[in-house]
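K.L.:
sequence? don't have it. structure:
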């Protein structure tokens with residue numbers, strides 16, 4: 001959730017061509033990561049758990065792409081955007097581990 005909050009805060013400061021559209025897409029992608037992780041935790045089988053984690057992973061990849069584009073177009077916020085990129089990359093690693101080694105069925 002922290003990434004979603006930070007992305008929403010950063011999105012208000014973006015500048016450059018298409019900033020409003022990029023900001024909206026960034027926020028929606030970041031929110032989707034935490035939403036899909038939460039939904040995965042509410043599922044009863046390993047198969048469903050993995051499926052929603054894979055959705056979260058896709059949204060995290062999209063978030064990462066949006067952050068990289070934003071950093072390339074908005075040099076004034078590049079440091080904050082790169083810091084958030086690093087957090088998203090860490091989430092991607094954690095998701096990969098959880099998908100490969102999920103907890104046992106409930």
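P.N.:
In hand now; what should we look at? Remember, it's a predicted structure, so these values are computed and weren't measured experimentally. Residues are numbered from 1 along each chain as shown.

K.L.:
Okay, now the unreliable bits of the protein?
P.N.:
106 (pLDDT under 70).

K.L.:
ok, 90 please
P.N.:
By pLDDT under 90, the low-scoring segments of the chain are 15-17, 43-44, 74, 103-106.

K.L.:
Point me to the residue sitting closest to the centre of it.
P.N.:
residue 60 (3.4 Å; C-alpha atoms, centre = their mean).

K.L.:
thought it was touching residue 88?
P.N.:
Yes. The criterion here is C-beta atoms under 8 Å, and residue 60 meets it with residue 88 at 5.6 Å. All C-beta spots, glycine's among them, are computed from the backbone N, C-alpha and C.

K.L.:
any residues in contact with both of the two?
P.N.:
Here residue 60 and residue 88 have residue 33 as joint contacts, going by C-beta atoms under 8 Å, 6 or more residues apart in numbering.

K.L.:
returning to that earlier point: show me the contacts for the residue nearest to the centre of the chain.
P.N.:
Residue 60 neighbours (C-beta under 8 Å, 6+ apart): 29, 33, 88, 91-92, 95.

K.L.:
go on, residue 2?
P.N.:
residue 87.

K.L.:
can you check residue 73 too?
P.N.:
Applying C-beta under 8 Å, 6+ apart to residue 73 gives the contacts 15-17, 19, 22.
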